[in-house]
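In: build the 3D model from these lines:
(one chain, ligands or ions: 1)
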Amino acid sequence: MPAERQPLIAGNWKMHQTLSEARALARNIRGELAPAARAEVALAPPYTALTAVYDEISSSPVRLAAQDAHWQKQGAFTGAISPVMLRDAGCRYVIVGHSERRQHFGETDATVNLKLKAVLDVGLCPILCVGETIEQRQAQVTLEVVTIQLRQGLAEITGLSGENLVIAYEPVWAIGTGLTATPDQAQEVHGVIRRLLAVMQIPAQDIRLLYGGSVTPENSAALLAQPDIDGALVGGASLKADSFLKIIAAAG
Ligand code: PEP
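Out: Alright, predicted model coming up:
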C-alpha cells in the first residue's frame, strides 16, 4: 500500500449498544489505542449513541461515523436522519449502501447514489459498501455485480478524492457469518475495484478500499497485508474493545 493511504479501521456497531454500553466501549477503545497506531479509527454507533460516543472520543484521533443517512437535508421523512444532522453530531464518516440496508430496507443503487451525493454535499466522507451474494459468487458474476454497484452508486458524482470517498468491499455471504473471503479472493476484487475507479477517472491510488466480512483478530493481518486492502469495516469484532484493538494493531 502506498505510504500516503493511511489504513482505516471502522467499527460498525449496527443495532447494538445502549447508551451506557456505548460510552464504555468508546472509552475503552480510545483509552487503549496505541499512540503509535498507524490506522485511523472510526466508530459507527447507533444514532441514539452518536452524541455520547462523540463526547468520549472528540479529544482523541478516533472519528465518529454514522451507519446510514437520508438524502434530504430536512423534511417530512419520519424516522430518517439527514447528513446535516450527522455533521452536527460530530460525524466524519457515513456508511452508505451497507448490504443490510439493501437487504432489509429496500436500498438500491439509485438511493445509494442520492445518499452519496447528499453526504458529500455537506462535507462528510461516505464509506460506500458493495459486495455480492453467495448466489452471485457461485454464478461467477461477482466482478460484474460490484462493477454495477460502483458505476451506479457513483454516477454523476465529480470531485471525488482520497479525502472524501472510502469504499468497502463486503461480500454479503461473509457478513456476520464467520465465513471470510480468503486474502486472495478479497485482493482480486479490491484490485478490480481500484482499476475500475481509474477507468472512471477517480484518483484510484488515493482511495482507501476496506474489506468487510467476519474480520477478526485472527484473520485481519493476512487480509490487511494485501496490496489493495487499506483497512477493514468490522461488525461483530468491533463490539469488544480487545478484539477491535487487535485488528487496529494488525494494520501496523
Ligand atoms: C459489517 O457489518 O459491515 C460487517 C462486516 O460485519 P461482520 O464483521 O460482523 O461480518
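In: okay, CA-based contacts and neighbour counts for the rest of this
Out: Noted.
In: for residue 182, which non-adjacent residue is closest in space?
Out: The shortest distance from residue 182 to any non-neighbouring residue, by Cα to Cα, 6 or more residues apart in numbering, is to residue 223 (7.6 Å).
In: and residue 27, by the same measure?
Out: Nearest residue to residue 27, sequence neighbours excluded (Cα to Cα, 6+ apart): residue 56, at 5.8 Å.
In: what is whichever residue of the stretch 1-150 of the chain sits closest to the ligand paired to in the beta sheet?
Out: Residue of the stretch 1-150 of the chain nearest the ligand, by Cα to the nearest ligand atom: residue 12 (5.5 Å). Taking DSSP bridges as the rule, residue 12 bridges to residue 44.
In: for it, what are its contacts?
Out: By Cα atoms under 8 Å, 6 or more residues apart in numbering, residue 12 lies in contact with 43-45, 67, 233-236, 238.
In: just the buried ones from those residues?
Out: Among these, those scoring as buried are 43-45, 67, 233-236, 238 (criterion: 16 or more other Cα atoms under 10 Å).
In: keep those residues, but drop any that are not near the ligand.
Out: Near the ligand, judged by Cα under 6 Å from any ligand atom, the entries from those are 233-236.
In: mind putting those residues in CSV, pLDDT and distance to residue 137 included?
Out: Shown next, in CSV, are those (pLDDT from 0 to 100; distance: Cα to Cα, whole Å):
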residue, pLDDT, distance to residue 137
233, 98, 20
234, 98, 21
235, 98, 21
236, 97, 23
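In: from these, which land in strands?
Out: Among those, DSSP state E puts 233-234 in strands.
In: which bits of the stretch 151-252 of the chain sit near the ligand?
Out: Applying Cα under 6 Å from any ligand atom, one finds that the stretch 151-252 of the chain approaches the ligand through 174-176, 212-215, 233-236.
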